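Student: one predicted model, sequence on top.
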Amino acid sequence: MSLYGRLLKEGAGRDALFIAIGGGTVGDSIGFLASTYLRGVDWVGVPTTLLAQVDSSIGGKTGVNHSEGKNLIGSFYQPKAVICETSFLKTLSSRELISGWGEIIKYAMISDWKWVKRLESIFVERKIEDLSLLTEATLRAVRLKAERVSRDEFDRKQIREALNFGHTFGHALESLTGYQYFQHGEAVIWGMRFAIILSQIRKKLSLERANVLDQVLRGMVVPPIPVTLSFEAVEKKMLRDKKVRNGKLNFVLLQELPQKNQVRVYSDSQVTPKNLREAFEKIMRTPQ
Ligand SMILES: NC(=O)c1ccc[n+]([C@@H]2O[C@H](COP(=O)([O-])OP(=O)(O)OC[C@H]3O[C@@H](n4cnc5c(N)ncnc54)[C@H](O)[C@@H]3O)[C@@H](O)[C@H]2O)c1
Ligand SMILES: [Zn+2]
């Protein structure tokens with residue numbers, strides 16, 4: 001609120017241009033500020049973290065978190081431009097890099113099995129800081145997200161839904177740990193591991209394929225899920241997810257297409273509380 005006051009006091013008018021230089025937190029909040037200040041002024045995003053370059057800067061979702069849940073206060077408000085300069089990434093900590101790679105793995109898993117296999121070898125060779133690989137992965141991720149977003153700008157036609165892979169459980173983890181414990185992409189890594197287990201419980205993925213996918217994710221070292229988290233608390237949070245329609249969770253899961261050696265992403269509205277509990281118990285037992 002004080003920022004609005006300062007801008008008003010300094011007489012920033014409708015012709016102001018806000019430039020958000022920083023990670024996703026800066027982009028989301030400056031974008032939200034731009035969308036609400038004087039009912040909307042122009043803004044440009046200059047994402048400086050890997051996560052912001054591959055994910056949060058694209059798509060026009062702006063907003064701030066609330067203790068009741070993730071991104072509950074926000075708007076759709078596209079920036080005039082996004083400038084991705086990959087040399088910013090040189091100063092990121094490995095935790096920040098892993099968080100961004102989490103979203104890159106998501107893009108691979110929802111779109112291209114060959115890309116998943118390639119990532120597996122990149123992680124085995126521990127090349128997560130390689131700038132040319134980061135540039136290539138960023139370009140692919142941005143293209144994929146921009147293509148989905150441009151067909152469903154306001155997230156109403158379920159075209160963007162696939163991008164939510166790993167986010168239902170991931171958002172619940174972030175919220176239950178007060179947004180302080182996990183980086184966004186770290187929670188999404190756990191979220192994808194959960195969705196893979198659930199896909200297998202729903203008999204859409206074979207154990208073998210699920211293990212290959214999980215192996216890629218296990219290549220990323222992330223903080224463990226606190227053992228104090230209860231299933232009831234996680235389930236309650238997941239049911240508050242924005243993807244709940246008519247009281248039913250639509251879980252973005254993976255399905256094996258044996259004939260093409262591919263996996264495809266789909267939305268499952270038949271996930272039962274029993275399925276969720278089974279997946280939760282399994283993930284809490286899984287090596288962390
Ligand atoms: N709008 C969307 O569609 C969308 C999508 C995904 C995530 N998000 C949001 O994005 C936020 C997370 O973004 P984030 O992961 O970028 O975290 P962040 O913005 O909190 O940045 C993480 C840390 O990196 C530092 N940092 C930024 N750039 C740096 C650089 N070049 N070198 C060294 N340090 C640098 C920051 O100061 C901060 O301490 C979350 O709030 C999440 O909800 C939004
Ligand atoms: Zn995300």
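Tutor: Thanks, I have it. Ligands and ions are numbered 1, 2, ... in the order given.

Student: which of the residues in stretch 263-273 are buried?
Tutor: 263, 265-268, 271 (16 or more other CB atoms under 10 Å). Every residue, glycine included, has its C-beta placed from N, CA and C.

Student: check stretch 209-224 too.
Tutor: Buried-residue list, stretch 209-224, by 16+ other CB under 10 Å: 209-210, 212-214, 216-220, 222.

Student: what segments of the stretch 101-250 of the chain are strands?
Tutor: Taking DSSP state E, counting those that start in this stretch as the criterion, the stretch 101-250 of the chain contains no strands.

Student: flag every residue of it that's near ligand 1.
Tutor: Residues of the stretch 101-250 of the chain lying near ligand 1 by CB under 6 Å from any ligand atom: 183-184.

Student: in the stretch 101-250 of the chain, what residue lies closest to ligand 1?
Tutor: Here the stretch 101-250 of the chain gets closest to ligand 1 at one residue, H184, 4.3 Å apart by CB to the nearest ligand atom.

Student: residues contacting that residue?
Tutor: For H184, the contacting residues are 24, 51, 56, 99, 102, 170, 174, by CB atoms under 8 Å, 6 or more residues apart in numbering.

Student: point out where the stretch 1-150 of the chain drops to low pLDDT.
Tutor: 1, 69-70 (pLDDT under 70).

Student: 90 instead?
Tutor: For the stretch 1-150 of the chain, the stretches flagged by pLDDT under 90 are 1-3, 11, 64-72, 112-114, 117, 120-129, 148-150.

Student: which strands and helices sit next to the longest helix anywhere in the chain?
Tutor: In the chain, taking DSSP state H as the definition, the longest helix is helix 131-151. Identification of packing neighbours for helix 131-151 by 3 or more CB pairs under 8 Å, 6 or more residues apart in numbering; DSSP states H and E yields helix 94-111.

Student: in the helix it packs on, what's buried?
Tutor: In helix 94-111, counting by 16+ other CB under 10 Å, buried: 96-111.

Student: max pairwise distance over these: which two?
Tutor: E96 and S111 (23.6 Å; CB to CB).

Student: so for the buried residues of stretch 209-224, which is the shakiest by pLDDT?
Tutor: The lowest pLDDT within the buried residues of stretch 209-224 belongs to G219, with 88.
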